[in-house]
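Asks: sequence plus the predicted model coming up.
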Amino acid sequence: MKVIFFDLDDTLFDYSGSERAGAIKFFNHFRDDLNKDLNTFLDLWKTYTQKHIQRWANKEISFEQQRLERIREFFSRNMSDRDAENIFNVYSSYFKNNWKRFDDYSAVLDLKQDYELGIITDGPTAHQTDKLKKIGIIRDFSVIVTSEIAGYSKPDKRIFNHALKLLQCKPSDALYIGDNYEKDYMGSKSAGMHSLHLNRNMLTPDNDHSINTLKQIKDKIDEFNF
Ligand SMILES: [Mg+2]
């Protein structure tokens, strides 16, 4: 059986939309402390989030620490772990209340009768599983591999190899779909898998293996006979 693997954040799960909605609520909650306008706040929030999540991906700090570091940098002051955690939890509950999947997800369900489906995602297993449950899609996938389980983060081909091994699937019988050109598209190609780049916002130029919505998967795989 052929397998289609998906990235989670910003591919199936609307991470950026949820983050933005949560951040706006957070801004309103702390606006007197923050001393910034909303757009400056949102840009900085994104920058600091990416920065500290990358430090976590590089194994410099733990997943919990990256959260606290984001808050400390944001409020530009030293604070105890406990204070930073309390502030982070305010953001986290707003963020979680806005978790949602993308509307084009139904196109993924249509693939289920012909393919086995899996997830390969960077992140702690508990956190990523939580998202899959909350947005109601966890049962659609026969395997979920996180960077925590595999011990490697994308684009390292070993995380893709790990997933292939679990399903005893040859790379040529697998397709990977994700929104990040380097991590998802180039990473899965380096593991020998077929690959599609989900270019939702068209921030990079399209190539022959680009799609702009999950609805285009079916046509693309017919095109290259997967
Ligand atoms: Mg992604």
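Replies: The structure has been received and is ready for your questions. Numbering: from 1, shown residues only.

Asks: for S153, which three-state class applies?
Replies: coil (DSSP: H, G, I helix; E, B strand; the rest coil).

Asks: and what of I144?
Replies: Per three-state DSSP, I144 ends up strand.

Asks: and P205, how far is that from Y181?
Replies: As judged by C-beta to C-beta, to the nearest Å, P205 and Y181 stand 10 Å apart. Every C-beta, even on glycine, is put in place using the N, C-alpha and C of the backbone.

Asks: just want to know which of these two has more residues nearby.
Replies: In terms of neighbours (other C-beta atoms under 10 Å), Y181 is the more surrounded of P205 and Y181; the figures are 18 against 8.

Asks: who's in contact with that one?
Replies: Applying C-beta atoms under 8 Å, 6 or more residues apart in numbering, we find Y181 in contact with 197, 199, 204.

Asks: relative to D122, how far out is the residue nearest to S153 when sequence neighbours are not counted?
Replies: Distances taken as C-beta to C-beta, 6 or more residues apart in numbering put S147 closest to S153, at 4.2 Å, once the chain neighbours are dropped. As judged by C-beta to C-beta, S147 and D122 stand 4 Å apart.

Asks: and the protein, which residues reach the ion?
Replies: With C-beta under 5 Å from the ion as the criterion, the chain comes near the ion at residues 7, 9-10, 179.

Asks: highest neighbour count among these?
Replies: D7 (24 neighbours).

Asks: so this structure: which segments form each domain?
Replies: Domains of the chain are assigned by automatic domain parsing as 3-14+101-223, 15-97.

Asks: mean pLDDT for those - can I get that in CSV?
Replies: Shown next, in CSV, are the domains of the chain (pLDDT from 0 to 100):
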stretch, mean pLDDT
domain 3-14+101-223, 96
domain 15-97, 93
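
Asks: out of the ones you listed, which one sits most buried?
Replies: domain 3-14+101-223 (a mean of 18; mean count of other C-beta atoms under 10 Å).

Asks: ok now it, how far from the chain's centre?
Replies: Centre-to-centre, domain 3-14+101-223 and its host chain are 10 Å apart (C-alpha atoms, centre = their mean, to the nearest Å).

Asks: use 6 as the first number for this chain going forward.
Replies: Fine by me, first position is 6 from now on; the one you just mentioned is domain 8-19+106-228.

Asks: OK, contacts around the residue of the chain most remote from its centre?
Replies: Relative to the centre of the chain, the most outlying C-alpha is that of D37, 31.5 Å out, by C-alpha atoms, centre = their mean. Under the criterion of C-beta under 8 Å, 6+ apart, D37 has no neighbours.

Asks: how near is it to the ion?
Replies: Computed with C-beta to the ion, to the nearest Å, the distance linking D37 and the ion is 34 Å.

Asks: helix or strand: which one has that residue?
Replies: helix 20-39 (DSSP states H and E).

Asks: I182 in helix, strand or coil?
Replies: At I182 the chain is in strand, as set by three-state DSSP.

Asks: I figured it hits H199, correct?
Replies: No. Using C-beta atoms under 8 Å as the test, I182 is too far from H199 to be in contact (9.4 Å).

Asks: what about the residue nearest to N217 when sequence neighbours are not counted, distance to D127?
Replies: Computed as C-beta to C-beta, 6+ apart, the closest residue to N217 that is not its neighbour in sequence is N204, at 5.7 Å. The gap separating N204 from D127 is 19 Å, by C-beta to C-beta.
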